[in-house]
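>>> below is the sequence, then the predicted model.
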Amino acid sequence: MALDLSFSVLDGARESRVPGGRTIEEIEADFRKPGNTTFSAIFGADPFDFWLGPFYVGFWGFITIISVIIGSIFYFYGTVFQGPYSFPQNFFAGRIDPPPPEVGLGLQQAGEPGFLWQMTVLFGTIAFLGWMMREIDISKKLEMGFHVPISFAVVVSSWLTLQVIRPLALGSWSEGFVLGVMPHLDWVSNFGYRYNNFFYNPFHALGISLIFFATFLLACHGSAILSAVQTRGKNVDPEEINEFWRDVQYYSIGEAGIHRAGALAAAAGILSANLCILFSGWPVQDWVSFWDFWNSFPFWNAL
Amino acid sequence: MASEMGVPPNRIPVDLDVGGNETGHIGKPIFAKWLERLGFDAQLGPFYLGFWGALSFVCAGAFTFIWLITMAAQVGYNPVAFAKYFVVLQLEPPSAQFGLAFPPLGLGGWWLIATFFLTASILAWQVRLWERAKARGLKPYLAYGFTGAVFLYLVIYVIRPMIMQDWSEAPPHGIKGLLDWTNNVSVRYGNFYYNPFHMLSIFFLLGSTLLFSMHGATVWALEKYGAHEEEAEIDEPGTGTERAQLFWRWTMGFNANAYSIHLWAFWFAWLTGVTGAIGVLLSGTLVPDWFQWAIDARINYPQLPAVPVELPPPTP
């Protein structure tokens, strides 16, 4: 059978619509229920299965908040308190460098160069993965698909590519990026020139194109909804918006399709960006001479 | 018939309807059923042409023809060489010696003519987006949004070169040429990473990607509850929108609603182009060096004095 990713709306879902909507108290009374978490599915109970104000906690929220606190202490100790300037200046200029190249993939002790970087990256990674797991818990509680945690996993994969996977591939933590507001901009800038010209990196080009495409789609989607609702009020016919798009550009992807296309374009852009980082310095040292293969095809290398 | 073609009976005549039938549309709807299996709408067309659409396509065609034929001339109209060097070939703007004057065709005149048609095509498309909304009596939000991209284009290709009194400030037409221009504009003005409007533009660009990732994934995850039927859900939120709002409230303590998320979306995407345009417009006109600017603004700092090192004696 052919691939089928279509869907149908459950009975009663449309009938649940309330003019003007319900208050947040009324909604939460329906949905704030204990149980159905990943931790309780494995261990039978989740000791952190509660809410703090609007926030859901859960086992993974507990892991996340602990990691955020410890990681932030390392980060602000390195950038702000150990920085060379005044505290407000250090917020921008402070930096935490990865270990020097001679350390390789070794682990540094407290006080050795790169220790603060390794600790911040470690707890940052735990916090990001904990946040992803917490989104899975919340999705389960609300009986949603796992599309949000999957999308978040895509951007976590960028962090892992930059700070873990590529340093492992090249055999040195020194390949990770510098932590700090302005220093990380310098790192990005230098990274491009280190491989000669990052604009010639095809995965960089594809990643940028897809990210611009996602932004373009977002403008299209936001403006379509705003124009429909602000003009028609409650008498909107969604087919009218489809017809507007067909007038303008021959095709309307539809109200469900645009959300799928937007999420996919955003994720694809980030995944392509991962490849553009991973391939720099590992198989490819120079994105200009990388294109030599193009000129040396046998059918036109004499030209 | 009119309603079949998707035109409401009270439509306002704002265009010449230069299409195939009485409503100015071209073609009959085509249904590609396989698109439904992806969750996408299956209908393609009919398309509206109109005067502004026709003008836009004619100008875009003229630009494309001049661009391709001048590049083909550079390789002696050899098709294999054209394919081999397609990404490297470029139609260059006039060199700096001509200023804003009209140079000989081979020395940038074709660039000026091509850029005129490209600009006319983009502006005609801008009018088309406006009149297509007006014809349906809709607020022209898509035209508002497109102004962000048009402003960025005009600043790069027209406004800033005119302020600098020099067409050579504009990018060439060509794939490698455009990438090189982008690279060089950063180097010439002391590193664009220190340009605060470049920072803002990147913030809004990546922010737009993040927003669509969040919004798109949330609605995708709630299709079975009808959350994608946003026009209905804005007026009468149902269980799908309630779950979407609770998801973000529980995750980050704050949530938009089915209406306000689209305000966030529109402004983030629009500001990407506008802040980027301001960043380019200031470079070389008011700010010669963004690195020095960042030092003066106290967000970047000159390097700390280097530890004195003993230099080896000069070789005789």
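Yes, it's here. Numbers count the residues shown, from 1 in each chain, chains lettered A, B, ... in the order given.

>>> ok, then the element right after the helix or strand of chain A at the bottom of the mean pLDDT ranking?
For chain A, the helix or strand with the lowest mean confidence is helix A:87-93, at a mean of 88 (criterion: mean pLDDT, DSSP states H and E). Remark: after helix A:87-93, the chain's next helix or strand is helix A:115-141, criterion DSSP states H and E.

>>> check the offset of that next one from the chain's centre.
12 Å (CA atoms, centre = their mean, to the nearest Å).

>>> all helices for the chain, in order.
Reading this off chain A. Assigned by DSSP state H, the helices in chain A fall at A:24-31, A:38-43, A:58-76, A:87-93, A:115-141, A:147-160, A:166-170, A:181-194, A:202-232, A:238-249, A:257-278, A:292-295.

>>> actually it's chain B I care about, not the one you picked
Here chain B has its helices, by DSSP H, at B:50-74, B:79-84, B:109-135, B:141-154, B:160-163, B:175-188, B:196-221, B:230-235, B:239-252, B:260-282, B:290-296.

>>> TSV for the helices of chain A, including mean neighbour count and distance to chain B?
Bear in mind the C-beta positions are built from the backbone N, C-alpha and C, glycine included. What follows is these, written out as TSV (neighbours: other CB atoms under 10 Å in any protein chain shown; distance: least, CB to the nearest CB, whole Å):
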stretch	mean neighbour count	distance to chain B
helix A:24-31	13	5
helix A:38-43	14	15
helix A:58-76	19	9
helix A:87-93	17	5
helix A:115-141	21	5
helix A:147-160	20	4
helix A:166-170	18	20
helix A:181-194	16	4
helix A:202-232	22	3
helix A:238-249	20	3
helix A:257-278	23	3
helix A:292-295	10	7
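
>>> low pLDDT regions in chain B?
B:1-13, B:302-310, B:316 (pLDDT under 70).

>>> quick one: the residue in the stretch 51-200 of chain B positioned nearest to chain A and A:Phe244, what's the gap?
Closest residue of the stretch 51-200 of chain B to chain A, CB to the nearest CB: B:Tyr141 (3.6 Å). Distance of B:Tyr141 to A:Phe244, computed by CB to CB, to the nearest Å: 11 Å.

>>> shared neighbours, those two?
A:224, B:133 (CB atoms under 8 Å, 6 or more residues apart in numbering or on different chains).

>>> re the thing from before, count the neighbours of the residue of the stretch 51-200 of chain B closest to chain A for me.
Neighbours of B:Tyr141 under the rule other CB atoms under 10 Å in any protein chain shown: 25.

>>> does it touch B:Arg132 like I think?
No - counting by CB atoms under 8 Å, B:Tyr141 does not reach B:Arg132; the two are 11.7 Å apart.

>>> using CSV, list the CA coordinates for the least confident helix or strand of chain A.
Extracted in CSV, the C-alpha atoms of helix A:87-93 (Å, rounded to 0.1, in the frame of the first residue of the first chain):
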residue,chain,number,x,y,z
PHE,A,87,29.9,42.2,35.8
PRO,A,88,27.5,43.8,33.1
GLN,A,89,30.3,43.8,30.6
ASN,A,90,31.2,40.2,31.3
PHE,A,91,27.7,39.2,30.5
PHE,A,92,28.5,40.0,26.9
ALA,A,93,32.3,39.5,26.8
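
>>> re the thing from before, distance to B:Ser186 added to the helices of chain A, as TSV?
Output for the helices of chain A, formatted as TSV (distance: least, CB to CB, whole Å):
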stretch	distance to B:Ser186
helix A:24-31	46
helix A:38-43	45
helix A:58-76	28
helix A:87-93	20
helix A:115-141	27
helix A:147-160	22
helix A:166-170	24
helix A:181-194	8
helix A:202-232	14
helix A:238-249	33
helix A:257-278	18
helix A:292-295	25
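
>>> of those, which shows the lowest average pLDDT?
Of all these, the minimum mean pLDDT falls on helix A:87-93 (a mean of 88).

>>> thanks a lot, see you next time.
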